[in-house]
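Trainee: sequence first, predicted coordinates after that:
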Amino acid sequence: MKMQEAIQQRHAVRQYLDKPIAVDVIAKLNDAISMCNRESGLHIQLVTNEPEAFCGMMARYGKFSGVQNYVTLIGKKSPVLEEKVGYYGERIAIAAQQLGLNTCWVAMTFRKGVSKRRCSIEKGEKLVCVLALGYGATPGIAHKSKPMEQLTDVPIDQMPAWFRQGMECAMLAPTAMNQQKFLVLQKEERVIVKSLGGFYAKVDLGIVRYHFEVGSGRLAYSAVSQE
């Protein structure tokens, strides 16, 4: 499965089958995680066969069931940590989709204390959020999206083909509470992804940047705003 196909097929999945992940799939996923850690300096880790983080009231509130595997998104505390987590976490989510797995970004509705005990967090590091992972009971459904013209300052009839492809991919990016509080701007030769604030906005910024880059084949840069 090509990366753009995986982006189109990846949806948030909260209910999972009681089916262990194959050993070869775990190995390939760990390879993808190791590559992301080398590039980013993050400390992302895969936790398998661990059902405790997604049991109890918070998981039920989030409508999760059957979650026994997840990716812990960890890194050194810094102003860019959340954005890095979004960028590389989504890269891992898409790699998982290519391997036949389903995922869901989870920020609050899991037992963070349990997760912390099942991974290694070094001094100065922070667990930002996790990716629930496994074989979904369903493939999930596509989220609703704002019209493209509300997500960019580039007029539709003036968009180069590569920019439009990037926007189409960015519109598929998962964002907290499906808020899509971002703008993709073109400033001279650069594409700038701007956050408009909101819940876990910096994580969203990284996810959207990754999607735009995959779709367009061009680099995108970030500008964070809490307006």
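Mentor: Nice, thanks for sending it over. Numbering: from 1, shown residues only.
Trainee: for the residue nearest to the spatial centre of the chain, what is the enclosing helix or strand?
Mentor: Closest residue to the average C-alpha location of the chain: Glu90 at 3.2 Å, with CA atoms, centre = their mean. Here Glu90 sits within helix 81-98, counting by DSSP states H and E.
Trainee: same deal with Lys202?
Mentor: Following DSSP H and E, one finds Lys202 within helix 201-216.
Trainee: one more: Ala27?
Mentor: Assigned by DSSP H and E, Ala27 falls within helix 23-40.
Trainee: now the angle from that helix to helix 81-98?
Mentor: Our comparison of helix 23-40 with helix 81-98, counting by axes from the mean of the first three to the mean of the last three CA atoms, to 10 degrees, yields an angle of 150 degrees.
Trainee: so what touches helix 23-40?
Mentor: 21, 42-46, 48, 71, 75, 84, 87-88, 91-92, 95-96, 99-101 (CB atoms under 8 Å, 6 or more residues apart in numbering). Yep, even glycine has a C-beta here, placed from its N, CA and C like the rest.
Trainee: quick one: mean pLDDT over that helix.
Mentor: Taken as a whole, helix 23-40 carries a mean pLDDT of 98.
Trainee: so where's this protein uncertain?
Mentor: Residues of the chain that meet the criterion pLDDT under 70 lie in 224-227.
Trainee: tell me where the longest strand sits in this protein.
Mentor: Using DSSP state E, we find that the single longest strand of the chain is strand 125-134.
Trainee: sheet partners, orientation included, of it?
Mentor: Take DSSP bridges as the rule and strand 125-134 pairs in its sheet with strand 69-76 (antiparallel), strand 102-106 (antiparallel).
Trainee: got a markdown table for these, with mean neighbour count and distance to Glu189 too?
Mentor: Converted to a markdown table, the strands paired with strand 125-134 look like this (neighbours: other CB atoms under 10 Å; distance: least, CB to CB, whole Å):
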| stretch | mean neighbour count | distance to Glu189 |
| --- | --- | --- |
| strand 69-76 | 24 | 30 |
| strand 102-106 | 25 | 31 |
